[in-house]
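S.K.: one predicted model, sequence on top.
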Amino acid sequence: MTPPFAAPAADAPPLVIENVRLIDPARDLDEIGSIIVVDGLIAGAGASARNQGVPAWARVIDGTGLVAAPGLVDMQVFTGEPGAEHRETLASASRAAASGGITTMVVMPDTDPVIDDPALVDFILRRARDTAFVNVHPMAAVTKGLEGREISELGLLKEAGAVGFTNGRQPVRNAQTMRRLLTYARDFDSLVAHHTVDPDLVGSGVMNEGETASRLGLMGIPREAELVMLERDLRMAGLSGGRYHAAQISCHASADAVRRAKTDGVTLSCGISINHLTLNEIDVGAYRTFFKLAPPLRSEEDRLAMIDALADGTIDVIVSGHDPQDVETKRHPFADAADGAIGMETLLAAALRLWHNDLVPLPRLIEALSARPAALLGLEAGSLKPGIQADIILVDAGAPWIVKEETVVSRSKNTPFEGARFQGRVIETFVAGQSVFRYAED
């Protein structure tokens, strides 16, 4: 049996994928054709590539009935390395990514020590080069120690390899600091991603404020805890002219605020986790801590509004929000458990639910999962354009499967989709034209 994971080989043969449905939103391409890969780069992709011939010694795949798309680019991945490797390492996270069709993962600076120094950016890049199966890019801390006070040396961090800046799970409370860091980042044409939450409004809340929280006897978090911080940030983005990204929005009012700001010409983008597109507050059920997230799962009305905002382009990207937590932080009463869930392995499969239910077209989903995040971060990824690195996924969009704890690849097992039935899975993942994951039936 072919092993599901394989380290990239230095002398991989050319690759040809024939008779496959190619979806490349970056080129507005959706057609039956071929992909030709030579020396790790895409030599041709599309219906016209059928006429280019097959290179000698090439591996040829018949893609009939499959979808070929750019490898996914996940803009928000928390790992435990350095400092909490028992939860997740770059190696284990990259395996989880490859199995879910993610060929580029952007890791957050919430580590120990915090990634707020060029030497730590270099450490992540070197460690990823030596151990990871997919492309890994770090976002650096926009403030020292994620404390929200002293702005980090953004220029040095970008020079070291940071693709953007964020304060991770911690919001920047001071509006003047936010204005200054957006202005500073603007000078380096760098994206600033921010967790839009007002901690004072969250207070001791643990789930979405409303009838469900009242029935469960749990303290609620009002939507205004997200909206107040978002509205402030949008004002600061307009004032500074910086490139602002709301890391995750989750409610109807937030989508409306982003829509208005974009109309007004503010330079901004926003993301949403797949959890907030496919789950709602009812899923918390009997105090199930794997559904305790930040922002919290919202109402069904909010979820449907988020889907509409994704479909019309108000929401730019979908992220996994991958946040591994172990038994020490999750096996507690709901109010005491840590926020977070893993998500890279189920990101695409969960997103395909929206397509199967005729809520979001497949090219739009692929765009939000690959082309758009790559463009925001300035990465040469998220496309099947000839000449770039061949990061490709083959997907059987109709294949049924069930999420089981024993098959979860991540080192942590806190998936909200345990036992979920999906339709659509990744068959093979290629990084630089080399197979790093191949699905093997039990």
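M.R.: Structure's in. What do you need?
S.K.: residue ranges for the helices of the stretch 1-150 of the chain, please.
M.R.: Assigned by DSSP state H, counting those that start in this stretch, the helices in the stretch 1-150 of the chain fall at 90-99, 118-131.
S.K.: also the stretch 201-350 of the chain?
M.R.: Using DSSP H, counting those that start in this stretch, helices in the stretch 201-350 of the chain cover 211-216, 224-240, 252-263, 274-278, 300-311, 327-330, 347-356.
S.K.: deepest-packed of those helices, please.
M.R.: Mean neighbours per residue, mean count of other C-beta atoms under 10 Å, is largest over the helices of the stretch 201-350 of the chain for helix 274-278, with a mean of 25. The C-beta positions use only the backbone N, C-alpha and C, and glycine is treated the same way.
S.K.: which residues are in contact with it?
M.R.: Contacts to helix 274-278, defined as C-beta atoms under 8 Å, 6 or more residues apart in numbering, come from residues 248, 250, 293, 295, 297-298, 302-303, 306-307, 310, 318-321, 341, 343, 346-347, 350-351, 353-354, 416.
S.K.: what mean pLDDT does it get?
M.R.: In this model, helix 274-278 has a mean pLDDT of 98.
S.K.: same question, stretch 13-26
M.R.: Per-residue pLDDT over stretch 13-26 has a mean of 96.
S.K.: also stretch 183-192?
M.R.: The model assigns stretch 183-192 a mean pLDDT of 97.
S.K.: likewise stretch 95-110?
M.R.: The model assigns stretch 95-110 a mean pLDDT of 98.
S.K.: CA atoms of that stretch as PDB?
M.R.: The C-alpha trace of stretch 95-110 is given here as PDB (Å, rounded to 0.1, in the frame of the first residue of the first chain):
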ATOM      1  CA  ARG A  95       0.700  16.400   7.700                       C
ATOM      2  CA  ALA A  96      -2.800  17.500   8.800                       C
ATOM      3  CA  ALA A  97      -2.600  20.300   6.200                       C
ATOM      4  CA  ALA A  98      -1.500  18.000   3.400                       C
ATOM      5  CA  SER A  99      -4.300  15.600   4.100                       C
ATOM      6  CA  GLY A 100      -6.800  18.400   3.800                       C
ATOM      7  CA  GLY A 101      -5.400  19.800   0.600                       C
ATOM      8  CA  ILE A 102      -3.600  22.800   2.200                       C
ATOM      9  CA  THR A 103      -0.300  23.300   0.500                       C
ATOM     10  CA  THR A 104       0.500  26.600   2.200                       C
ATOM     11  CA  MET A 105      -0.100  27.300   5.900                       C
ATOM     12  CA  VAL A 106       0.500  30.700   7.600                       C
ATOM     13  CA  VAL A 107       1.300  30.200  11.200                       C
ATOM     14  CA  MET A 108       0.400  32.600  14.000                       C
ATOM     15  CA  PRO A 109       2.900  34.100  16.400                       C
ATOM     16  CA  ASP A 110       1.100  32.900  19.600                       C
END
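S.K.: could you pull out the strands for the stretch 101-250 of the chain?
M.R.: Using DSSP state E, counting those that start in this stretch, the strands found in the stretch 101-250 of the chain span residues 102-107, 135-138, 140-141, 165-166, 191-194, 207-208, 220-221, 243-246.
S.K.: to residue 437, which of those lies closest?
M.R.: Nearest to residue 437 among the strands of the stretch 101-250 of the chain is strand 102-107; the distance by C-beta to C-beta comes to 9.7 Å.
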